[in-house]
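Colleague: With the input below, show me the fold.
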Amino acid sequence: MALSTNSDAVTYAKAANTRTAAETGDRIEWVKLSLAFLPLATPVSDAKVLTGRQKPFDRSGNHHCRNPQSRWL
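Modeller: Numbers count the residues shown, from 1 in each chain. Here you go, the predicted model:
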């Protein structure tokens, strides 16, 4: 990393001999967000709650963000 580049919102290091997305005109127009719940093989119930009752933790929520225009997919 050589130079430092500043913008209105953020300051970041700039790699030598490269151009930023703003300089190339490359930008993200939109992203696709999704939420998926994946079941656990064995539900987990180890929290101590005041009521003495709890619902077992039986699934995991996962957020996914995808840019359909990306060449890295």
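
Colleague: Could you tell me the phi and psi values at the most centrally placed residue in the chain?
Modeller: Nearest residue to the geometric centre of the chain (Cα atoms, centre = their mean): Cys65, 6.2 Å. Phi and psi for Cys65, reported as degrees, to the nearest 10, are phi -130, psi 130.

Colleague: for it, what are its contacts?
Modeller: For Cys65, the residues meeting the contact criterion (Cβ atoms under 8 Å, 6 or more residues apart in numbering) are Val31, Lys32, Leu33. Bear in mind the C-beta positions are built from the backbone N, C-alpha and C, glycine included.

Colleague: Go through these and name the one nearest Ala15.
Modeller: When these are compared for distance to Ala15 (Cβ to Cβ), Val31 wins out at 24.1 Å.

Colleague: Can you get me a residue count around that closest one?
Modeller: Other residues within reach of Val31 by the criterion other Cβ atoms under 10 Å amount to 12.

Colleague: what's the answer for the one 10 residues further on, then?
Modeller: Burial of Ala41, expressed as a neighbour count using other Cβ under 10 Å, amounts to 5.

Colleague: Now tell me what touches the host helix or strand of it from outside.
Modeller: Here Ala41, judged by DSSP states H and E, is contained in strand 32-44. Contacts to strand 32-44, defined as Cβ under 8 Å, 6+ apart, come from residues 56-68.

Colleague: and the residues you listed as CSV, adding pLDDT and secondary structure?
Modeller: Shown next, in CSV, are the contacts of strand 32-44 (pLDDT from 0 to 100; DSSP: H, G, I helix; E, B strand; the rest coil):
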residue, pLDDT, secondary structure
Pro56, 83, coil
Phe57, 86, strand
Asp58, 90, strand
Arg59, 92, strand
Ser60, 92, strand
Gly61, 93, strand
Asn62, 93, strand
His63, 90, strand
His64, 87, strand
Cys65, 87, strand
Arg66, 83, strand
Asn67, 80, coil
Pro68, 74, coil
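
Colleague: Among these, name the buried ones.
Modeller: In the contacts of strand 32-44, burial by neighbour count holds for no member, counting by 16 or more other Cβ atoms under 10 Å.
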